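**Student:** Okay, sequence plus prediction incoming.
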Amino acid sequence: MRKQIAAANWKMNLTYQQGSALLQTLVTTEIDLKEHQAAVFAVPFPYLEMAVDTVQHKKNYYIAAQNCSDKKSGAFTGEVSAEMLKSLNVNYCLVGHSERREYFGESNAVLAEKLNICLANGITPVFCCGEALATREQHRQNAYVEGQLKESLFHLSKEALLKVVIAYEPIWAIGTGKTASTEQAQEMHAHIRSVLKNQYGDSIAEQISILYGGSVKASNARELFASKDVDGGLVGGASLIAAEFIEIIKALK
Ligand code: PEP
């Protein structure tokens, strides 16, 4: 079975003390993850070391960064490299969240570099894609997402692609309380998988985890995750509340 992942994206929320307390609650809650399931926490940079320490003995719990530089090292004040993340035993990194694309101008080409540098450092990139409301209203969402995949992922070899997780996050559903319907999510996930199939073949495409993101909550996670091509979720707001995120982890297939 494909890996099923509940990924938390804390964004720029919580103090160090609040974040530490939230993680403590989560690791001390009895949740028995199966071999093919994982819980991933994308925390702010200054909390990475604490977070890695907190989850290190918990089976299939991992820590992610929310971003990394597309450059290896050097005079890039304020940036954090993939090599630095690796040196902290960080296993995952979000790449191309729509907020990074929109507010920090990250292009598909820059994201391709970020994917390369994560993979070169043994970090699993969670590549985010998804369309804006206007694109969906014009029924152009399939072509739009296909373009994002082509421009950022298609230079990767089959072996490299197998190390990537994809998160489909329609921008109109992020932080809005408006979730894509199960049908809309499944339809886009199946489309993404078919795009991967055309480029990389059936067997590779079938192995790639595709998460859904956009107002996932305890109350809708189980139904969304039950869809054939939905392999878990990337969760913002609801991941800041222990009781909510615990139910989301438990909702994994
Ligand atoms: C996100 O930050 O990736 C996200 C999906 O946020 P929310 O769950 O709050 O919509």
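**Tutor:** Perfect, thanks for sending it.

**Student:** Check the protein for the residue nearest the ligand and tell me.
**Tutor:** In the chain, the residue that lies nearest the ligand is residue 236 (2.3 Å; Cβ to the nearest ligand atom). Every residue, glycine included, has its C-beta placed from N, CA and C.

**Student:** and the residue lying closest to that residue once chain neighbours are set aside, what are its bridge partners?
**Tutor:** Leaving aside its sequence neighbours, residue 236 sits nearest to residue 9 (Cβ to Cβ, 6 or more residues apart in numbering; 5.0 Å). Judged by DSSP bridges, the bridge partners of residue 9 are residue 42.

**Student:** picking up where we left off before, can I assume the residue of the chain closest to the ligand is in contact with residue 174?
**Tutor:** Yes - between residue 236 and residue 174 there is a contact under Cβ atoms under 8 Å: 6.7 Å.

**Student:** list residues touching both of these two?
**Tutor:** residue 213 (Cβ atoms under 8 Å, 6 or more residues apart in numbering).

**Student:** sorry, back to before: which ones are touching the residue nearest to residue 236?
**Tutor:** So residue 9 contacts 42, 66, 94, 97, 213, 234, 235, 236, 239 (Cβ under 8 Å, 6+ apart).

**Student:** and with 10 Å instead?
**Tutor:** 40-43, 64, 66, 94, 97, 99, 126, 128, 167, 169, 174, 213, 234-237, 239-240 (Cβ atoms under 10 Å, 6 or more residues apart in numbering).

**Student:** cool, and residue 236?
**Tutor:** 8-11, 13, 42, 97, 99, 169, 174-175, 213-216.

**Student:** repeat for residue 115
**Tutor:** By Cβ under 10 Å, 6+ apart, the contact set of residue 115 is 70, 93, 95-96, 123, 125, 127, 152-153, 155-156, 160-161, 163-164.

**Student:** quick one: pLDDT of it?
**Tutor:** Listed pLDDT for residue 115 reads 98.

**Student:** Going forward, the N-terminal residue is numbered 265.
**Tutor:** Sure thing, new numbering starts at 265, so read that last one as residue 379.

**Student:** quick one: buried residues of whichever strand or helix holds it?
**Tutor:** Element membership of residue 379 [criterion: DSSP states H and E] is helix 372-384. For helix 372-384, burial by neighbour count (16 or more other Cβ atoms under 10 Å) applies to 372, 374, 375, 376, 377, 378, 379, 380, 381, 382, 383.

**Student:** ditto for stretch 360-368
**Tutor:** When burial is assessed from 16+ other Cβ under 10 Å, stretch 360-368 yields the following buried residues: 360, 361, 362, 363, 364, 365.

**Student:** tell me the mean pLDDT for that stretch?
**Tutor:** Average pLDDT, stretch 360-368: 97.

**Student:** Would you pull up how far it lies from the middle of the chain?
**Tutor:** 13 Å (Cα atoms, centre = their mean, to the nearest Å).

**Student:** Can you give the contact residues for it?
**Tutor:** Under the contact criterion Cβ under 10 Å, 6+ apart, stretch 360-368 has outside partners 273, 275-276, 306, 330-331, 358, 370-372, 374-376, 378-379, 389-396, 412, 416, 431, 433-435, 438-439, 477-478, 498, 500.

**Student:** 6 Å - rerun?
**Tutor:** Defining contact as Cβ atoms under 6 Å, 6 or more residues apart in numbering, one finds that stretch 360-368 is touched by 331, 370, 375, 391, 392, 435.

**Student:** try stretch 443-459
**Tutor:** So stretch 443-459 is in contact with 406, 410, 413, 432, 434, 437, 469, 474, 476, 478-479, 484, 487-488, 491, 493-494, going by Cβ under 6 Å, 6+ apart.

**Student:** Closest one of the contacts of stretch 360-368 to residue 514?
**Tutor:** Using Cβ to Cβ, residue 392 comes nearest to residue 514 of these, at 23.8 Å.

**Student:** re earlier: lowest-confidence one in the contacts of residue 500?
**Tutor:** The member of the contacts of residue 500 with the lowest pLDDT is residue 439, at 83.
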